[in-house]
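> Sequence first, predicted model second:
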Amino acid sequence: MTDQATSTIPSGVQEQAAMSARAELHSDSLFSEMIWLLSGMPLAAMLQAIAEIGVADELVDGPLSVDELAERTGSDPDALYRMLRAVATRGVFTETSHRTFALTQLAQILRSDLPNSLRDAFRMHGQKCMRDTFAEVGHTLRTGTPAFEYANGMPLFQYFAHRPETKDLFESFTGTAARRMQHAALEGYDLTGVRKLVDIGEMHGRLLATILSQYPEMRGVYVDQPFIVPRAEQVLGEAGVADRAELVGANYLESELPADADVYLLPQVLHRIGDEEAITLLKSIRQVMPPTGRVLIIDPVLPEGDVPHLNKVLDATMLLLGPIRDRTEAELNRLFEKAGLRQDSVHGRALPSAVVVATPA
């Protein structure tokens with residue numbers, strides 16, 4: 001019956017249908033592009049496992065066979081080969097000869113000994129608590145509440161506070177990423193002439209230590225939760241700038257802030273809090289800052305519409321983890337207006353974090 005039905009279709013129509021099917025499945029087709037997107041999750045999971053066993057570190061001195069890599073990393077040779085071959089399609093590692101692999105520029109970022117390493121970021125995303133979170137994306141989509149808390153029974157920071165076995169990895173991952181984004185943002189902003197800078201909510205004080213080292217005439221005030229201050233004191237001391245830094249242990253959302261500073265620095269603080277808390281903090285700064293003072297906000301500035309920006313993906317990812325959000329320029333301006341401030345300028349819009357300057361309205 002099938003053969004008879006097929007024979008009634010003109011041969012030209014059959015050929016056109018076959019060609020359409022081939023076109024649809026071509027590597028450059030929209031169908032194939034969607035398959036690549038669908039493959040993003042398993043590819044990411046493979047990279048997480050590859051980062052965990054430290055493959056990139058083993059290749060620092062040159063290419064190695066899969067058998068040698070498997071022996072060094074305690075993995076199955078065939079499985080390792082197939083996974084390395086898969087991630088190499090995206091430029092992470094390269095097969096220099098049959099079953100022999102070497103580092104690429106992308107793979108270098110998985111080395112643990114480089115300052116821009118993302119190895120801990122991949123390792124962190126491979127933890128069960130994170131995998132369980134991503135499996136519950138639908139919960140966040142339906143309710144608007146964090147999938148992390150739903151999947152793991154408690155908010156993200158509380159979860160890691162009770163799990164020392166993963167806390168260090170979490171802090172390494174978040175700390176490295178934050179420091180790189182903060183330093184990159186400030187590279188293009190000149191603080192010459194600033195007499196007094198108040199650093200609010202930075203965590204650990206590394207950014208303030210770098211700033212004070214670069215500007216020897218400046219004095220800094222570090223404000224953060226009391227339990228964080230001892231670590232910041234150590235960091236500032238190790239940098240040799242503790243004599244020009246005052247440390248204040250306080251809840252910056254509830255306490256009065258230091259007055260009469262030239263600059264109030266908020267490094268990735270606003271994106272960790274909601275609009276009402278952000279307005280409260282900005283109002284507190286406005287009340288104590290001089291007429292010539294500036295607020296420097298280090299945060300992403302999301303472009304409107306379909307303009308590509310990495311932080312649009314990161315913002316949606318953070319929605320799964322907790323009450324964290326990035327904002328557009330218009331959304332930031334609404335916060336400023338309610339706090340008695342106005343936007344002065346934006347520096348580094350295309351970076352993961354820009355410098356947004358606000359002054360008294």
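Noted; the coordinates are in hand. Residues are numbered from 1 along each chain as shown.
> Going by C-alpha atoms from here, please, whenever you check contacts or count neighbours.
OK.
> Okay, strands next: where are they in the chain?
Taking DSSP state E as the test, the strands found in the chain are 64-65, 94-97, 100-102, 196-200, 219-224, 245-249, 263-267, 294-299, 301-302, 327-328, 341-347, 354-360.
> Need the ones you listed in CSV (columns: mean pLDDT).
CSV is the format used below for the strands of the chain (pLDDT from 0 to 100):
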stretch, mean pLDDT
strand 64-65, 98
strand 94-97, 98
strand 100-102, 98
strand 196-200, 98
strand 219-224, 97
strand 245-249, 96
strand 263-267, 97
strand 294-299, 96
strand 301-302, 94
strand 327-328, 95
strand 341-347, 96
strand 354-360, 96
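> In a markdown table: these, plus mean neighbour count and distance to A151.
Written out in a markdown table, the entries for the strands of the chain read as follows (neighbours: other C-alpha atoms under 10 Å; distance: least, C-alpha to C-alpha, whole Å):
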| stretch | mean neighbour count | distance to A151 |
| --- | --- | --- |
| strand 64-65 | 19 | 40 |
| strand 94-97 | 16 | 37 |
| strand 100-102 | 21 | 37 |
| strand 196-200 | 24 | 32 |
| strand 219-224 | 23 | 30 |
| strand 245-249 | 17 | 33 |
| strand 263-267 | 24 | 29 |
| strand 294-299 | 24 | 28 |
| strand 301-302 | 26 | 28 |
| strand 327-328 | 16 | 26 |
| strand 341-347 | 17 | 38 |
| strand 354-360 | 23 | 32 |
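> Compare those and report which one is nearest to P42.
Counting by C-alpha to C-alpha, P42 lies closest to strand 94-97 out of the strands of the chain; the figure is 18.8 Å.
> in its sheet, what does that closest one sit against?
Looking at strand 94-97 with DSSP bridges, its partner strands are strand 100-102 (antiparallel).
> ok so, going back, quick one: closest of the strands of the chain to F31.
The minimum distance between F31 and the strands of the chain falls on strand 94-97, with 26.2 Å, by C-alpha to C-alpha.
> And the contacts of that closest one?
Contact with strand 94-97 is made by P63, R85, A88, F101, A102, L103, T104, as judged by C-alpha atoms under 8 Å, 6 or more residues apart in numbering.
> give the contact list for the nearest residue to the last one once chain neighbours are set aside.
Excluding its sequence neighbours, the residue lying closest to T104 (C-alpha to C-alpha, 6 or more residues apart in numbering) is F93, at 5.0 Å. Contacts were defined as C-alpha under 8 Å, 6+ apart; by that measure F93 touches L84, V87, F101, A102, L103, T104, L106, A107.
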